[in-house]
Every structure is written in C-alpha cells, then in structure tokens.
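# Take this sequence and fold it.
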Amino acid sequence: MKNEMDRRDFLKYGAASTAAMSSVSHSFGLAPASSEKPLRLGIVGVGNRGTSHVETLLAMGSVQIPALCDINQEHLERAQAMVEKAGQKRPEGYGRDVEDYQRLMYRDDLDAVLIATYWEWHTPMAVCAMKSGKYAAVEVPAALTVEECWDLVNTSEETSVPCMMLENWSFRRDNLAVLKMIRAGLIGEIVHCHCAHSHNCIDHWFFDSEGNMRWSAEYLVKRNASQYTTHALGPVLSWMDLGCGDYFDKVASFANRSLGINHYFATKFGPDHPNAKRKYAQSDIVTTLVRTKKGNTVVINYDMQLPRPYDNRWEIQGTEGVYNEQRNAVYLHNRSPKYEEWEPFDPYQERYEHEWWKPLEARSRSAPAGKDVIEKQLALGHGGTDYLELELFLNAVRNKTQTPVDVYDSVLMSVLCPLSEKSIAEGGSTVECPDFTRGKWSERKPAFALEIS
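Numbers count the residues shown, from 1 in each chain. All right, here's what the predicted structure looks like:
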C-alpha cells in the first residue's frame with residue numbers, strides 16, 4: 001500500500017472542482033445504517049478526546065479506521081486495541097515524531113481525517129489534510145490566531161476540500177429546536193444574544209487531580225483572552241444568521257483579575273505549592289461584546305476558573321420574545337399564557353424537534369440489534385451530539401458535499417480568541433473582525449440544519 005498520494009492525483013483532485021467553496025452543495029441528511037458504505041477514516045490524536053471519538057465512530061458500524069497517529073505510544077496502542085476489539089484490522093500506527101502525521105495524511109486509502117490533538121496543531125494538521133485531498137474534521141478551536149484562520153480559509157478555497165470544526169453544541173437537541181422556533185418567526189427579528197462557557201475546569205482539564213499542569217494550563221500562563229469561545233458561539237451562528245446575512249463587525253473585550261487559580265491551589269495544596277504562587281496571564285472572567293454588521297449585539301463570557309455549576313447561559317432575544325437556557329424557559333409576546341412571565345421550554349422542545357433527532361427512534365427499530373444499539377450510540381459523547389455531528393460529517397464525505405459546519409463558520413467561532421486578546425492588551429479597545437468570506441456573507445443563504453420540506 002502506498003503511504004504517499006501521487007502528486008498528479010493530488011493536483012487533479014484539487015482541480016476537479018472549479019466552483020468556489022460557497023457553492024458546494026449543502027446536503028445534510030442521515031442515511032440508514034444498512035445503506036451506508038464504510039468510510040475510511042484516519043485519526044490524529046487519540047488522548048481523552050480522540051479516544052472518545054474512536055469509541056463513537058466504532059459504534060456507528062459504517063466506519064473503518066486504517067490509521068491512527070499519536071506520539072504518546074500508550075494512547076496509540078490503546079486506540080489500536082479498541083479498533084481490533086471491534087473486529088477491524090489493527091490500524092497502522094504513526095508516532096515516531098511530531099511530524100509523523102504527514103505520512104498518515106498522504107495515505108491513499110483514507111477518505112477523511114479527524115484531528116483531536118493539542119490546540120497548536122489543529123491548523124497545520126487541517127491544512128495538511130486538505131492539501132492531501134482529505135476532508136478535515138478538526139476539534140475546537142480550529143485556529144488560535146488570525147493568520148491561522150486565513151490559512152484554513154485559503155487552503156479550503158484553493159483545494160476545494162471542506163474543513164469542519166467539530167463544535168458539538170451546534171448540534172444539541174435543545175439548540176436545534178430553538179433554531180426551528182426562530183425560523184418559524186416565534187421570537188421575531190433577532191437583535192441580541194448572550195452566551196458563555198461557564199465551566200470550572202481547574203481540577204480536571206487545566207490541571208490533574210494531583211495538581212500537575214496539563215498541556216491546556218500552559219495557555220493560562222501565556223495568554224489573556226476569551227480562550228474557549230466555540231461552545232458558547234456554536235448555536236449562536238445559526239440563530240443569528242452569522243456568515244449568511246450578517247457578520248461580526250467590531251469586537252471589544254474586558255478582563256478582570258486573575259485570582260481563582262491561585263486561590264484554588266493555596267486552599268487545596270497549601271500556599272507554598274508552585275501553582276499557588278505562579279503568575280497567570282489569564283483573567284478569571286473575560287467579557288466580550290460583539291457588534292454585527294446588521295447592528296445586532298452578542299455578549300460572550302469566558303468563565304472557566306471559578307467555582308460554579310456548568311452552563312452556557314444562552315439567551316436569544318428578538319422583537320417577539322426571548323429564550324433563556326438557564327431557566328429552560330421562553331416568553332413569547334401574545335403567545336405565552338401570562339403577560340411577561342416565563343413558561344417552560346419543554347413543550348416547545350417537543351413541538352419543534354429537529355428532523356436530525358427525529359429518525360433516531362425509527363432507526364432503533366430497524367437496527368440489527370434493536371433499540372439497544374441506538375441507545376448505546378446516544379450515550380456516547382455529550383448525550384448524542386458527538387454521534388450526530390460525526391454522522392453528518394461522514395455523510396458529507398460520502399456524498400462529496402459541503403460539511404454542515406463549513407470552514408467560514410469554523411474560523412468565525414475561533415477568531416474571537418485572538419481578537420479578544422488584542423482588545424484586552426489594548427485596554428479594551430475596539431478591534432475589527434476580518435471578513436473571512438470576502439464579502440460573501442451578505443449574499444450567502446442560511447444552510448445549517450435546514451429541514452427538507
């Protein structure tokens with residue numbers, strides 16, 4: 001088997017589509033498992049997140065994994081064993097050095113590549129995947145700098161190969177129901193949204209339970225920014241037609257003091273612990289205000305270092321009403337039972353269930369092993385959102401269509417990090433958001449999660 005793609009084949013692949021990426025067909029559907037032709041997927045990065053994806057992909061029954069890459073041999077062998085246990089041939093492993101992913105990318109027996117590595121590798125690996133003719137699925141954030149955002153866009157446009165950031169909260173069941181309500185006009189014309197990533201990650205994601213720094217904690221030392229914006233912004237893009245009728249215009253960010261990390265370590269491990277005395281660039285809470293081209297506003301909060309239960313604090317407001325995720329409630333003018341009083345969201349969730357979620361019970365009845373198969377799949381990865389986004393990505397690969405989250409969506413969600421960093425460094429200055437669509441946002445039509453009429 002060849003490990004390198006023939007360069008003439010690669011050039012022919014890149015030239016096969018002369019249309020711009022914006023004109024690639026958006027055909028998002030769920031195919032029944034019995035009709036799916038197995039797709040061949042390479043996975044780069046099989047730590048905690050990558051292993052979760054391997055488990056989800058193997059549960060689908062329509063995916064083959066011929067190749068895996070990770071410089072951590074323990075992680076690599078663990079993932080290889082998982083694939084073997086699922087009845088597939090042991091994947092070829094790549095991990096001799098940090099550049100070994102390139103050998104995987106240029107294999108000629110892969111349809112797509114999934115990237116779940118440390119953040120700094122997301123863009124170069126996705127660029128390499130597209131240049132090798134492979135659909136790229138990349139974990140969040142897709143890019144760390146404005147320059148990396150442009151690298152992704154330019155490569156996708158030049159090669160005509162899609163790149164999708166795996167922002168799973170775009171596919172949440174409740175968020176898709178809210179999207180249907182907005183498109184049905186229940187909330188009126190949208191004017192404002194608040195969103196956040198409120199999740200105390202000090203004791204498990206930034207640091208381990210013993211108080212040791214994990215790779216992600218290095219960013220707390222080096223950067224002061226809204227470092228994890230995509231989970232907050234995932235559903236907001238489609239709710240507000242951002243990238244297809246509206247776009248980010250101006251951004252301003254303000255940051256408070258950095259107390260939470262030092263306090264946590266001083267309290268749990270004592271004031272002499274190195275991490276209790278370390279200086280962190282990252283503020284505890286960053287508040288970012290975005291004004292859109294249309295004149296709407298978005299408030300985004302980074303909040304990952306102080307004690308609090310998890311939530312995203314989504315609130316979308318329009319001329320006819322408001323949805324609030326924290327309250328699990330809506331208020332709709334002239335529709336809600338009581339004047340300016342909240343009513344439960346649950347009945348609306350049922351009434352406006354998105355078609356991406358509807359087929360699951362029907363599919364469970366036709367699955368070879370019955371309902372238990374689907375229940376297992378839905379239990380994997382954030383209540384089924386990982387399963388849904390991966391299935392939709394793979395269907396795009398199978399049908400050679402655009403991915404549900406495209407490269408323009410991916411960079412727009414990611415760019416808030418470097419823009420907020422610049423604004424904070426300049427004392428809360430207003431900075432302009434680059435137009436990665438080069439003006440096409442004003443003409444592009446909404447495509448995400450459109451239902452078949």
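
# Tell me the buried residues in stretch 428-441?
The neighbour-count check on stretch 428-441 (16 or more other CB atoms under 10 Å) flags 431, 433-437, 440-441 as buried. Every C-beta, even on glycine, is put in place using the N, C-alpha and C of the backbone.

# residue furthest from the geometric center of the chain?
Here the chain reaches farthest from its C-alpha mean at D272, the gap being 38.0 Å by CA atoms, centre = their mean.

# if we can go back for a sec, so which of the buried residues of stretch 428-441 is the closest to Y310?
Nearest to Y310 out of the buried residues of stretch 428-441 is C433 (CB to CB; 28.0 Å).

# show me the residues around that closest one that make contact.
By CB atoms under 8 Å, 6 or more residues apart in numbering, the contact set of C433 is 247-251, 290, 412, 415, 419.

# and it, how far is that from L416?
Separation of C433 from L416 (CB to CB, to the nearest Å) stands at 8 Å.

# Can you redo the contacts of C433 as a markdown table, where the extra columns are secondary structure, distance to A276 and neighbour count?
Formatted as a markdown table, the entries for the contacts of C433 read as follows, by DSSP: H, G, I helix; E, B strand; the rest coil; distance: CB to CB, whole Å; neighbours: other CB atoms under 10 Å:
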| residue | secondary structure | distance to A276 | neighbour count |
| --- | --- | --- | --- |
| Y247 | coil | 43 | 23 |
| F248 | strand | 38 | 24 |
| D249 | strand | 41 | 16 |
| K250 | strand | 38 | 16 |
| V251 | strand | 33 | 23 |
| V290 | strand | 35 | 24 |
| L412 | helix | 38 | 26 |
| V415 | coil | 34 | 25 |
| L419 | helix | 32 | 26 |
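
# Mind picking the two most distant members of those residues?
K250 and L412 (14.2 Å).

# got a pLDDT number for A59?
A59 is assigned 89 on the pLDDT scale.

# I'd like the distance between it and T145.
35 Å.

# Those two - which one has more neighbours?
Legend: neighbour count by other CB atoms under 10 Å for A59 and T145, higher for A59 (19 against 15).

# Stretch 164-174: which residues count as buried?
164-172, 174.

# how is the chain carved up into domains?
Split into domains by automatic domain parsing, the chain comes to 7-167, 170-358+406-442.

# Point out the one among those domains that comes closest to L390.
Among these, the nearest to L390 by CB to CB is domain 7-167 (6.0 Å).

# circling back to that earlier point, now list whatever residues contact both of C433 and L416.
251, 290.

# what about stretch 235-245, start to end distance?
16 Å (CA to CA, to the nearest Å).

# Show residues contacting it.
Contact partners of stretch 235-245, identified using CB under 8 Å, 6+ apart, comprise 169-170, 172, 175-176, 178-179, 182, 190, 193, 195, 246, 248, 292, 294, 296, 298, 314, 316, 408-409, 412-413, 437, 441-442, 444-449.

# In contact with A67: list those residues for me.
42-43, 91-94, 104, 107, 110.

# same check, this time on H382
N168.

# One more: E315?
193-195, 322-326.

# PyMOL command to pick out the buried ones of these?
Typed into PyMOL, the line below selects the buried ones among the contacts of E315, using 16+ other CB under 10 Å:
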select buried, resi 193+194+195+322+323+324+325
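
# Of the contacts of E315, which is the nearest to Q349?
So of the contacts of E315, ranked by how close each gets to Q349 (CB to CB), first place is Y323, at 10.7 Å.

# So among the contacts of stretch 235-245, which ones count as buried?
169-170, 172, 175-176, 178-179, 182, 190, 193, 195, 246, 248, 292, 294, 296, 298, 314, 316, 408-409, 412-413, 437, 441, 444, 446-449.

# In strands, which of those residues fall?
190, 193, 195, 248, 292, 298, 316 (DSSP state E).

# Can you lay out the buried residues of stretch 428-441 as a markdown table showing pLDDT and distance to N72?
Output for the buried residues of stretch 428-441, formatted as a markdown table (pLDDT from 0 to 100; distance: CB to CB, whole Å):
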| residue | pLDDT | distance to N72 |
| --- | --- | --- |
| V431 | 98 | 37 |
| C433 | 98 | 36 |
| P434 | 98 | 35 |
| D435 | 98 | 39 |
| F436 | 98 | 33 |
| T437 | 98 | 38 |
| K440 | 98 | 41 |
| W441 | 98 | 40 |
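
# Make JSON lines from those and add distance to D151 to it.
Output for the buried residues of stretch 428-441, formatted as JSON lines (distance: CB to CB, whole Å):
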{"residue": "V431", "distance to D151": "20"}
{"residue": "C433", "distance to D151": "17"}
{"residue": "P434", "distance to D151": "13"}
{"residue": "D435", "distance to D151": "16"}
{"residue": "F436", "distance to D151": "11"}
{"residue": "T437", "distance to D151": "16"}
{"residue": "K440", "distance to D151": "18"}
{"residue": "W441", "distance to D151": "20"}
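
# From the residues you listed, pick the one nearest K277.
Using CB to CB, the buried residues of stretch 428-441 come closest to K277 at V431, 33.1 Å.

# ok, what's across the strand from that closest one?
V251 (DSSP bridges).

# Return the residues in contact with it.
250-252, 419, 422-423.

# Distance of it relative to P344?
For V431, the distance to P344 - CB to CB - is 40 Å.
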